[in-house]
Structures are given as structure tokens and as C-alpha cells.
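1. Got a predicted structure here, sequence first:
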Amino acid sequence: MMIYLYAFFDRRTDLYGGAAVDGSDQADTCADLVLFVCLGVVLGGLGWYPKLVELAGAGATVPLTGFGNALAQGVKEAVQKDGLLGVFTGGFTACAGGVTVAVLSALVVAWVARPKDK
């Protein structure tokens, strides 16, 4: 039961912590999205993100901070393998599948949905 509570409160802390940082009353501004991806990169780069995942479980692996962590881990692995070139290619190779699914999903929705005049 505690793992569910950790996961729930981890996500709430992310959302409302971002709103508190930029002083808005909305939890979904663009600055918050960028903040959480960058936070995931920093935590992943420092090696702290896996500890957060152990504590919060699935709550810590969701899109924003999880995407940032995936970028950081991809860059780490590519730098070890390819050297300096890995800084530029690691993030792309680590997240290529997720980005491809997101782009193709958006394309399908754009084909299916018809915009309406307001």
C-alpha cells in the first residue's frame, strides 16, 4: 500500500512543485514542462533518479522527469561507447522509440480529428 502512496505523492509533488516554482496557479505551463525534463536530466546525470524510482516506483517513471532521465542515461552510455560524439547522439538513440511513437500518434490524431471553428 505504501508504494501506491509514494507514487501518488511523487507525482503531486512534481505537478504542484512546478506551479510553486514559477508562481502560477496552473500546473501545466510550458516552463513547468521544461523544468521537469531538465530536473530529470540533472537527477539522472547525478545518479539520484534510480533511487527516486526505487522509492516512488511508477510515479517517478512517467513522461516528464522519466524522459529527462532517459536522455541522461542515453548520453552517459553513448559517451562511454563513442566519446565526445555520444554527447550529441546519446539522447536521440535512447529516446528515439518514444519520440517516434509520439510523432506518429500526433499524425494519426491530426488525420482523424477535424478542427472546428470557435
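-> That came through, no problem. Quantities reported herein were computed from a predicted structural model and do not represent experimental measurements. Residues are numbered from 1 along each chain as shown.

2. so where's this protein shaky on pLDDT?
-> Applying pLDDT under 70 to the chain flags the ranges 1-28, 58-60.

3. name the element the residue lying closest to residue 61 once chain neighbours are set aside belongs to?
-> By the measure of Cβ to Cβ, 6 or more residues apart in numbering, the closest residue to residue 61 outside its immediate chain neighbours is residue 53, 6.0 Å from it. Every C-beta, even on glycine, is put in place using the N, C-alpha and C of the backbone. Taking DSSP states H and E as the definition, residue 53 sits inside helix 49-56.

4. circling back to that earlier point, what distance do you get for the residue nearest to residue 61 to residue 109?
-> The gap separating residue 53 from residue 109 is 30 Å, by Cβ to Cβ, to the nearest Å.

5. Quick check on those two: which one has the bigger neighbour count.
-> In this view residue 53 and residue 109 are compared by other Cβ atoms under 10 Å, and residue 53 has more residues nearby, 18 against 9.

6. Great, nothing more from me.
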